[in-house]
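Peer 1: The sequence isn't on hand, but the structure is:
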Ligand SMILES: Nc1ncnc2c1ncn2[C@@H]1O[C@H](COP(=O)(O)OP(=O)(O)O)[C@@H](O)[C@H]1O
Ligand SMILES: O=C(O)[C@H](O)[C@@H](O)[C@H](O)[C@H](O)COP(=O)(O)O
């Protein structure tokens, strides 16, 4: 089986499609216990957040994430830059990606995030559509593997017709508006069972959305 390196010391197997079985409760409990140990040993170690800005094509991931990275002075990882050429070709031709197309890309993104923190960053901002619960669980593993690292998602919420309009108006991007409906078919909206997700409505202006997202993040920086 291929094993993908998440951190130099941690090997995480890439899940087979539909077989990702992750005992989140157990993992979170383990992290909580590790955190309390850390507090007794090293009381003041600050948490480092990986903020993953998510949602379907056109919801504003790139526009909002670039703003957040600048405002928070954190490195920015643009998810679209890490698709392999085959994925870009498919999407450019109006063919939605499958789970198999996405696993390697998701793994690259979580490795990139991990590398930023290993290099000393206090956190980072990543864009990734992360449409399905199992993709988010896969990314969550970065936080479960390391004490002091917290993965949180900012879900940019919009309805399909609005995003079709926005993607239609966007120039020079491989993802065209004919892909937006398929993104909503794949989408598994986060709900209250994923408390590490902040949901931000994006029907207002870009400036409003950027400010809302930043406010929500700042309110959770010390969690
Ligand atoms: N809140 C907003 N109001 C109006 N236009 C927006 C808003 N957010 C993003 N846009 C525009 O919509 C298009 C899609 O945004 P983008 O950041 O590329 O989304 P994504 O990265 O999620 O695909 C861009 O042309 C962007 O300028
Ligand atoms: O800017 C966009 O239009 C989106 O970000 C777009 O590129 C897409 O959402 C993913 O990068 C493709 O992968 P998924 O099919 O997993 O969304």
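Peer 2: Ah, there it is. From a predicted model like this one, the values you see are computed outputs, not experimental measurements. Ligands and ions are numbered 1, 2, ... in the order given.
Peer 1: And ligand 2, is the longest helix anywhere in the chain touching that?
Peer 2: For the chain, the longest helix by residue count, based on DSSP state H, is helix 99-118. Yes: remark: helix 99-118 sits within contact range of ligand 2 at residue 102, by C-beta under 6 Å from any ligand atom. Every residue, glycine included, has its C-beta placed from N, CA and C.
Peer 1: What is that helix packed up against?
Peer 2: Helices and strands touching helix 99-118, as assessed by 3 or more C-beta pairs under 8 Å, 6 or more residues apart in numbering; DSSP states H and E, comprise strand 3-7, strand 48-54, strand 76-77, helix 85-92, strand 123-127, helix 133-145.
Peer 1: Of all the ones you listed, which one is nearest ligand 1?
Peer 2: In this view, the helices and strands packed on helix 99-118 are compared for proximity to ligand 1 by C-beta to the nearest ligand atom, and strand 123-127 is the closest at 6.0 Å.
Peer 1: Need the contact partners of the closest one.
Peer 2: When contacts are defined by C-beta atoms under 8 Å, 6 or more residues apart in numbering, strand 123-127 is touched by residues 48-54, 61-62, 65, 68-69, 72, 74-80, 109, 112-113, 116-117.
Peer 1: ok, back up a step: is the longest helix of the chain in proximity to ligand 1?
Peer 2: No: residues of helix 99-118 are not located near ligand 1 by C-beta under 6 Å from any ligand atom, the shortest gap being 13.8 Å.
Peer 1: quick one, that helix and strand 48-54 angle?
Peer 2: For helix 99-118 against strand 48-54, the angle between stretch directions is 150 degrees (axes from the mean of the first three to the mean of the last three C-alpha atoms, to 10 degrees).
Peer 1: Show me which residues of helix 99-118 are buried.
Peer 2: Applying a neighbour-count criterion of 16 or more other C-beta atoms under 10 Å, one finds 99, 101-114, 116-117 buried in helix 99-118.
Peer 1: before we move on, what about stretch 74-85?
Peer 2: Under the neighbour-count criterion of 16+ other C-beta under 10 Å, stretch 74-85 has 74, 75, 76, 77, 78, 79, 80, 82, 83 buried.
Peer 1: try stretch 133-142
Peer 2: Of the residues in stretch 133-142, those with enough neighbours to count as buried (16+ other C-beta under 10 Å) are 133, 134, 135, 136, 137, 138, 139, 140, 141, 142.
Peer 1: Could you export the residues you listed to TSV, including columns for pLDDT and distance to ligand 1?
Peer 2: Formatted as TSV, the buried residues of stretch 133-142 follow (pLDDT from 0 to 100; distance: C-beta to the nearest ligand atom, whole Å):
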residue	pLDDT	distance to ligand 1
133	98	19
134	98	20
135	98	15
136	98	16
137	98	21
138	98	19
139	98	16
140	97	21
141	95	23
142	93	21
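Peer 1: what secondary structure does residue 212 sit in?
Peer 2: Using DSSP: H, G, I helix; E, B strand; the rest coil as the criterion, the local structure at residue 212 reads helix.
Peer 1: how many neighbours does it have?
Peer 2: One way to gauge burial is a neighbour count; for residue 212, by other C-beta atoms under 10 Å, it gives 18.
Peer 1: what's the answer for residue 68, then?
Peer 2: The criterion is other C-beta under 10 Å. On that basis, residue 68 has 19 neighbouring residues.
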